[in-house]
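Visitor: No letters, just coordinates:
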């Protein structure tokens, strides 16, 4: 194949990659990340084959390593070393299905960067690529705007308060839009622009800015503000622009006024009634989102300093959840539904420090330092490229601030490394130099043979690492949908099929099956079909536990499934195994509150109430603000006959905000009835009536309770409402009302 054809195909594939941020695999697990990465990896693998053929025949296209390229390469090597020494190398290499990170994918970003900087050799080519990238960013922004509507085909629509575009997460989407915003702003100031080009870049920057603001991500808005401040300050300094100075002055005034507005009106009704204003004006360190970030960073940093090895090389990429769990802050858990598993630090610099150590962090920082150093030289010398340097410096500053509160994923990486490639291009001493096209003589038969081998190899690679994983992922979602539809047998078949592929992601497939079985079988009598499925899931999740000895999650799933099997079962081994796994989980993460519930439940199954009380009491001690811990403790105390302490614990649960089920209320009622505490009985029935207003028995019982404490009018009202709901209550209600001396 000729040089021109090879380079054309490679450039077209780069343009195709620019569109990847728009990809959504809506029928897959991780719909906003999975599809982007498998398509990206497949395209890059094809590009590598073509690039090898190109540089074999035309050495002039071989990579030219600038300082920026060397820094990127150093980070990729640090990533590799951290993976080799990782506490869980498999996860570090392949990443998780949710984020699609890992070393394997990261080297694809590096190869994309190398090919990009080798093939794109002129400003016009870079300009064209950036224009395509900005069109993609606009489309993603408008998709996000569509999420404020009820358009059914837009994933995430339904008048969302915070948009996330085609990226799937408001903060990640904001980062992507920040890159596009500052890229458009940079290109707007090119002297070569036509009027239409200026208009395009101005509109693009405005649309991207609006998109960032509509995410309501405070760290991203802060990054945008700082980036714009840097841009205006540098532009006014380099070009001595009076207009830029005025803009800078008014921008600073606006920021001061905004902070003053936020501080003065934070308690005003119009702010409290607006979710958007309430969020972006909340600078308090007591804000729950802010607190969880600090807690996660603290947990990660404690893990980082735990040994010389972790300080230098980290725990391994994709393994932040391990030190996070070991040093879990119990305040994370405030009841069912709490976010208690951080697989990322939500700070790219802490993330890399914890997972790749000082070696990884220093190499990562070197990418930014060398890029900024090269840009600063152009600003200082006031070269013709100074306008690029000003814009891209502002972009890097804004992105660093943004990344101090979040992390990178595929769409962000693609655009960021594309821009980094241009920074490398600007720093090349031979900038704009055409490649030497002297064709190297290659034996045609050898070329044909090697080309055939490479095509076969890349085809197998794409099939094994991308297509098969996509098939397994899609199969797992068929299991999820079957479960939603009540098709237990169909769900189990599909879960088993997804697991059988054995591809990266099988860890998640096993857990999803276990989660489905736990939810499905918790309140059902165990049929042979359910027992068989539970035993299969236990065997599979055990594989997760065996390969990840520092991960508490498989142990908790195993414990819960054994607890389900052990309820009312004469075979004590199930409860013994449940206890074995929950205690192992507790050893891994000794401050994880939920694990104490599992241990307590296992002891309850074994009728060891004293031990159950011990572990539920420890859960209370870890976080005294969690109502459900008191409820579990009180229930066991009541079981032991300790009514006084049991009632005290149950009432404390209610005071801490625990919302009991109807069955929980019935348990309380049985105690208050024994004590003839009708004030409490009235309080419980009032709550039950609110919970289920169509239940006539609750209203009839409330009527009797009201009568006992002398609230005759209220008793009559409730008796009549019970009769109104169910005519079968009419005779009894009529007699009851008349017994109170009232007319029916």
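Guide: The structure has been received and is ready for your questions. The model shown is predicted, which means the values in this text are computed figures rather than measured ones.
Visitor: The nearest residue to residue 180 once chain neighbours are set aside: helix or strand, and which one exactly?
Guide: Leaving aside its sequence neighbours, residue 180 sits nearest to residue 137 (Cβ to Cβ, 6 or more residues apart in numbering; 3.4 Å). All C-beta spots, glycine's among them, are computed from the backbone N, C-alpha and C. According to DSSP states H and E, residue 137 maps onto helix 123-146.
Visitor: Residue 684 too?
Guide: helix 678-691.
Visitor: Any buried residues in that helix, and which?
Guide: Across helix 678-691, burial judged by 16 or more other Cβ atoms under 10 Å covers 678, 680, 681, 682, 684, 685, 686, 687, 688, 689.
Visitor: again, but for stretch 585-597
Guide: For stretch 585-597, the neighbour count (16+ other Cβ under 10 Å) marks 585, 586, 588, 589, 590, 591, 592, 593, 594, 595, 596, 597 as buried.
Visitor: Kindly report the same for stretch 57-74.
Guide: Those would be 57-58, 60-61, 64, 66-69, 71-74, for stretch 57-74 by 16+ other Cβ under 10 Å.
Visitor: cool, stretch 596-613 as well?
Guide: If you call a residue buried by 16+ other Cβ under 10 Å, then stretch 596-613 has these buried ones: 596-606, 609, 611-613.
Visitor: do stretch 576-583 as well
Guide: By neighbour count on 16+ other Cβ under 10 Å, the buried set for stretch 576-583 is 577, 578, 579, 580, 581, 582, 583.
Visitor: I'd like the distance from the longest helix along the chain to the chain centre, please.
Guide: If you go by DSSP state H, the chain has its longest helix at helix 348-381. Put simply, helix 348-381 sits 24 Å off its chain's centre (Cα atoms, centre = their mean, to the nearest Å).
Visitor: do stretch 543-562 as well
Guide: Taking Cα atoms, centre = their mean, one finds the center of stretch 543-562 at 21 Å from the center of the full chain.
Visitor: what sits against residue 621?
Guide: Residue 621 makes no contacts at all, as judged by Cβ atoms under 8 Å, 6 or more residues apart in numbering.
Visitor: can we see that at 10 Å?
Guide: Applying Cβ atoms under 10 Å, 6 or more residues apart in numbering, one finds that residue 621 lies in contact with 330, 593, 596, 629.
Visitor: Do I have it right that the third one meets residue 613?
Guide: No: counting by Cβ atoms under 10 Å, residue 613 is not a contact partner of residue 596; they are 11.3 Å apart.
Visitor: Residues in contact with both of the two, list them for me.
Guide: Shared contacts of residue 596 and residue 613 (Cβ under 10 Å, 6+ apart): residue 632.
Visitor: Now for residue 155: which residues touch it?
Guide: When contacts are counted by Cβ under 10 Å, 6+ apart, residue 155 touches 24, 26, 31, 32, 143, 146, 147, 164, 166, 168.
Visitor: could you redo the last one with a cut-off of 8 Å?
Guide: Shown in contact with residue 155 (Cβ under 8 Å, 6+ apart): 24, 26, 31.
Visitor: element containing it?
Guide: Applying DSSP H and E, one finds residue 155 in no helix or strand.
Visitor: Same check on residue 319?
Guide: Residue 319 is part of no helix or strand, with elements assigned from DSSP H and E.
Visitor: Thanks a lot, see you next time.
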